[in-house]
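[1] Fold the following, please.
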Amino acid sequence: MRDICIVGAGVAGLSAAIFTARADLETLVVDGGESILARNASLENYPGFPDGVDARRYLQAVREQAVAAGATVESGRVVGVTRRTEGRQGVRLRVELGGVGGDGEGETTGGGESGGETTVEGDDGSVGDDRSEVIETRRLIAASWPDSDYLRALDVERIKRGSKQFLAVGQGGRTAVDGVYGAGRLAGQPHQTVVAAGHGARVGLAAIHDADVAFYHDWVTPEGYFTGRGREIPPGCEEIDDGERRRRDERARETIVDRFAEPLGAEPTMHPSVDGE
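    The predicted model follows:
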């Protein structure tokens with residue numbers, strides 16, 4: 001069983017995955033298709049990029065960071081979520097596998113195989129033609145804007161605004177259903193990348209807290225920051241010496257130069273109503 005399953009591989013979902021994976025929670029991200037951020041022509045209000053950044057390049061970098069942290073990203077579409085057998089924690093997701101992920105390849109990236117119970121079934125439990133997979137998870141983060149229909153069987157409260165449905169969430173993105181969270185735009189957050197990233201991180205931290213694992217902060221400090229005061233290094237933290245700090249800085253600069261050396265070939269995705277004209 002997974003510790004965390006995140007539905008949606010946009011900014012909010014991937015940001016949550018970075019935190020949960022770094023806290024050593026087994027994290028699966030189900031990528032149901034291209035993030036709406038891919039429609040952005042130039043991302044120009046995200047801190048740290050004075051002249052802006054290509055939105056698709058940014059999405060690629062966040063995805064790579066989630067995988068590097070230990071998350072698995074699998075292409076697929078969640079078509080239903082049900083509770084596990086009464087008295088057992090967590091939920092079961094039925095996922096139609098492959099062919100819809102944002103990378104266009106329908107592949108699994110990250111921590112190996114999906115690890116779920118593989119089955120072929122219809123919504124009524126009958127055998128079907130399409131390969132699907134049942135995944136069990138202790139906690140579910142829904143970050144799949146604008147899709148939330150798969151949560152109907154759990155009776156997660158949704159709020160209708162015009163033609164859209166938002167999840168009713170409280171602090172940390174928690175819904176009224178234990179172990180189910182909403183993140184990003186689906187949780188009613190503003191349609192801004194930096195907000196989605198921050199909210200996804202906050203929801204990830206809430207899931208870590210609720211999982212009751214040993215965790216203080218996700219923080220890399222100079223050597224002696226804690227131990228120099230006679231303290232043990234808290235869970236989730238790390239002390240590194242100056243040599244390691246320099247090695248990490250060098251690796252980070254090399255990665256950035258490599259990723260930004262050439263223009264990205266991908267073009268922004270036009271709004272579907274325009275393409276349909």
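
[2] From here on, just use CA atoms for contacts and neighbour counts.
    Noted.

[3] how about the helices of the stretch 151-277 of the chain, start to end?
    Remark: helices assigned in the stretch 151-277 of the chain by DSSP state H, counting those that start in this stretch are 193-210, 242-260, 272-275.

[4] now those helices in TSV, with mean pLDDT, distance to residue 169 and mean neighbour count?
    Formatted as TSV, these follow (pLDDT from 0 to 100; distance: least, Cα to Cα, whole Å; neighbours: other Cα atoms under 10 Å):
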stretch	mean pLDDT	distance to residue 169	mean neighbour count
helix 193-210	98	10	22
helix 242-260	96	36	12
helix 272-275	81	29	8
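
[5] May I see those helices organised as a markdown table, with distance to residue 179 added?
    Converted to a markdown table, the helices of the stretch 151-277 of the chain look like this (distance: least, Cα to Cα, whole Å):
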| stretch | distance to residue 179 |
| --- | --- |
| helix 193-210 | 8 |
| helix 242-260 | 35 |
| helix 272-275 | 34 |
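
[6] So which of these is nearest residue 164?
    helix 272-275 (16.2 Å; Cα to Cα).

[7] Does residue 191 touch residue 197 like I think?
    No - the pair residue 191 / residue 197 is not scored as a contact, 10.9 Å apart, by Cα atoms under 8 Å.

[8] Residue 133 is nearest to which of the helices of the stretch 151-277 of the chain?
    Using Cα to Cα, the nearest of the helices of the stretch 151-277 of the chain to residue 133 is helix 193-210, at 23.7 Å.

[9] What is the closest one packed up against?
    helix 11-22 (3 or more Cα pairs under 8 Å, 6 or more residues apart in numbering; DSSP states H and E).

[10] and with 10 Å instead?
    In terms of contacts (3 or more Cα pairs under 10 Å, 6 or more residues apart in numbering; DSSP states H and E), helix 193-210 is packed against strand 2-7, helix 11-22, strand 132-142, strand 180-182.

[11] Run the angle between it and strand 132-142 for me.
    In terms of direction (axes from the mean of the first three to the mean of the last three Cα atoms, to 10 degrees), helix 193-210 departs from strand 132-142 by 100 degrees.

[12] Would you mind getting the angle between helix 193-210 and strand 2-7?
    160 degrees.

[13] Residue 10 against residue 66, yeah?
    No - the criterion here is Cα atoms under 10 Å, and residue 10 misses it with residue 66 at 11.3 Å.

[14] list the residues that contact both of these two?
    residue 29 (Cα atoms under 10 Å, 6 or more residues apart in numbering).

[15] So if I had to pick from these two, which one is more boxed in?
    Neighbour totals were compared for residue 10 and residue 66, and residue 10 leads with 29 against 26 (other Cα atoms under 10 Å).

[16] Tell me how many other residues crowd the residue nearest to residue 169 when sequence neighbours are not counted.
    Once flanking residues are discounted, residue 169 sits nearest to residue 175: 4.6 Å by Cα to Cα, 6 or more residues apart in numbering. Residues near residue 175, counting by other Cα under 10 Å, number 20.

[17] residues touching residue 175, list them.
    By Cα under 10 Å, 6+ apart, the residues touching residue 175 are 141, 156, 157, 158, 167, 168, 169, 181, 182, 187.

[18] Please produce a markdown table containing these, extended by pLDDT.
    Putting the contacts of residue 175 into a markdown table (pLDDT from 0 to 100) gives the following:
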| residue | pLDDT |
| --- | --- |
| 141 | 97 |
| 156 | 94 |
| 157 | 96 |
| 158 | 96 |
| 167 | 97 |
| 168 | 97 |
| 169 | 97 |
| 181 | 97 |
| 182 | 98 |
| 187 | 97 |
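
[19] Going along the chain, name the helices of the stretch 1-150 of the chain.
    Under DSSP H, counting those that start in this stretch, the stretch 1-150 of the chain gives helices at 11-22, 55-69.
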